[in-house]
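Engineer: need the 3D shape of this:
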Amino acid sequence: MPELDFRSPRLFVDAPLGAGATIALERDQSNYLGNVLRLGTGDGVLVFNGRDGEWRAEIGGRKRPDTLAIITRTRAQDRLPDVAYVFAPLKHARLDYMVQKAVEMGAARLVPVLTRFTQVSRVNGERMRANVIEAAEQCGIISLAEVADPLPLERFLSGRDQARLLVFCDEAAEVANPVQALQAANAAQAGIDVLIGPEGGFAEEERTLLLRQPNLLRLALGPRILRADTAAVAALALVQAALGDWGGVSEGRTGGRVPSAARGEGA
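Structural biologist: As a prediction, this is how the structure comes out:
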């Protein structure tokens, strides 16, 4: 893992970044830097936009922080491992938590799917995206996970790339060593979809449909039933450890692992 600067404040800015550029701060960013962190003109921060890497910037402004002067790049843009987190949405704070933890675990795409026992019928995509940004700012990630629009489980399954490995986390599956099961799976280079169901589990017709999917790995997450937000962290940790970037796998290496993006490689 590269040495990172965790002492400097980090901000996501939706603007092109390059040496000599000047970025106007949004009101909430100005308030955060000036009133919460007590920073002012001349103080330094780190900024990223998910496209141009991470840059060191200097705060400008007379009475309060108004602008950022982009100085030098500190990290080249990287790419997240090709892991999609597919999940039945939860309510409010638990959904916030789940999104933040999925980002921390390196998911590249968040796909809410609606199942028979899903607790919510409406998903606030903007709130999910805000949680993605907040998590990335706090834990040093410079690539932002994509947030997909919610869709029914059946539509997701019919439209997904069948070359991708589908990790179906099923509480009804036989308990076995999940790391060994993942290591034996064929992830190839097509990517991985990790599917977590709702608190009430999958309906029988949904489980039947899932078990018909090609390139499927049905996985039990141990001998205890986990809450959906806990299962998200457990499943993504297992996938990253067995097939993802926790092993420091270089892009293009064989063995069925997804490309790593945690090494600061240039885009």
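
Engineer: mind listing the helices for the stretch 1-150 of the chain?
Structural biologist: Counting by DSSP state H, counting those that start in this stretch, the stretch 1-150 of the chain has these helices, from start to end: 27-31, 92-104, 125-139.

Engineer: tell me the buried residues in the longest one?
Structural biologist: Neighbour-count burial for helix 125-139, with 16 or more other CB atoms under 10 Å as criterion, is recorded at 128, 129, 131, 132, 133, 135, 136, 137. Every residue, glycine included, has its C-beta placed from N, CA and C.

Engineer: next one: stretch 226-241
Structural biologist: For stretch 226-241, a neighbour-count test (16+ other CB under 10 Å) marks 226, 228-236, 238-240 as buried.

Engineer: now, those residues that are in helices?
Structural biologist: Mapping these onto helices (DSSP state H) picks out 228, 229, 230, 231, 232, 233, 234, 235, 236, 238, 239, 240.

Engineer: report the two of those residues separated the most.
Structural biologist: Largest separation among those by CB to CB: 228 and 240, giving 18.5 Å.

Engineer: turn the buried residues of stretch 226-241 into TSV, including pLDDT.
Structural biologist: Shown next, in TSV, are the buried residues of stretch 226-241 (pLDDT from 0 to 100):
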residue	pLDDT
226	87
228	89
229	90
230	92
231	91
232	92
233	93
234	93
235	94
236	95
238	92
239	93
240	92
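
Engineer: helix or strand right after the lowest-mean-pLDDT helix or strand in the chain?
Structural biologist: Least confident helix or strand, the chain: helix 178-184 with a mean of 85, by mean pLDDT, DSSP states H and E. Going down the chain from helix 178-184, the next helix or strand is strand 192-196, by DSSP states H and E.

Engineer: mind showing which ranges of the stretch 151-267 of the chain have poor pLDDT?
Structural biologist: Scanning the stretch 151-267 of the chain for pLDDT under 70 picks out 186-189, 248-267.

Engineer: ah, wrong one, I meant the stretch 1-150 of the chain
Structural biologist: 1-3.

Engineer: one more time with 90
Structural biologist: 1-8, 61-63, 91-92, 117, 119-122 (pLDDT under 90).

Engineer: can you name the two of the buried residues of stretch 226-241 that are farthest apart?
Structural biologist: 228 and 240, at 18.5 Å, using CB to CB across the buried residues of stretch 226-241.

Engineer: quick one, longest strand in the protein?
Structural biologist: Taking DSSP state E as the criterion, the chain has its longest strand at strand 67-75.

Engineer: which neighbouring elements make contact with that one?
Structural biologist: Secondary-structure packing of strand 67-75 (3 or more CB pairs under 8 Å, 6 or more residues apart in numbering; DSSP states H and E): strand 22-24, strand 44-48, strand 54-60.

Engineer: give the buried residues for it.
Structural biologist: 68, 70, 74, 75.

Engineer: count of residues packed around the nearest residue to residue 162 once chain neighbours are set aside?
Structural biologist: With sequence-adjacent residues excluded and distances taken as CB to CB, 6 or more residues apart in numbering, residue 162 is closest to residue 214, at 4.8 Å. Residues lying near residue 214 (other CB atoms under 10 Å) number 10.

Engineer: residue 214 sits in which helix or strand?
Structural biologist: Going by DSSP H and E, residue 214 is not in any helix or strand.

Engineer: quick check: it touching residue 164?
Structural biologist: No - the criterion here is CB atoms under 8 Å, and residue 214 misses it with residue 164 at 9.6 Å.

Engineer: what lines up beside the longest strand of the chain in the sheet?
Structural biologist: strand 22-24 (antiparallel), strand 54-60 (antiparallel) (DSSP bridges).

Engineer: now render these as CSV, adding mean neighbour count.
Structural biologist: Output for those, formatted as CSV (neighbours: other CB atoms under 10 Å):
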stretch, mean neighbour count
strand 22-24, 15
strand 54-60, 20
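
Engineer: now tabulate these in JSON lines and tack on distance to residue 38.
Structural biologist: Shown next, in JSON lines, are these (distance: least, CB to CB, whole Å):
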{"stretch": "strand 22-24", "distance to residue 38": "21"}
{"stretch": "strand 54-60", "distance to residue 38": "11"}
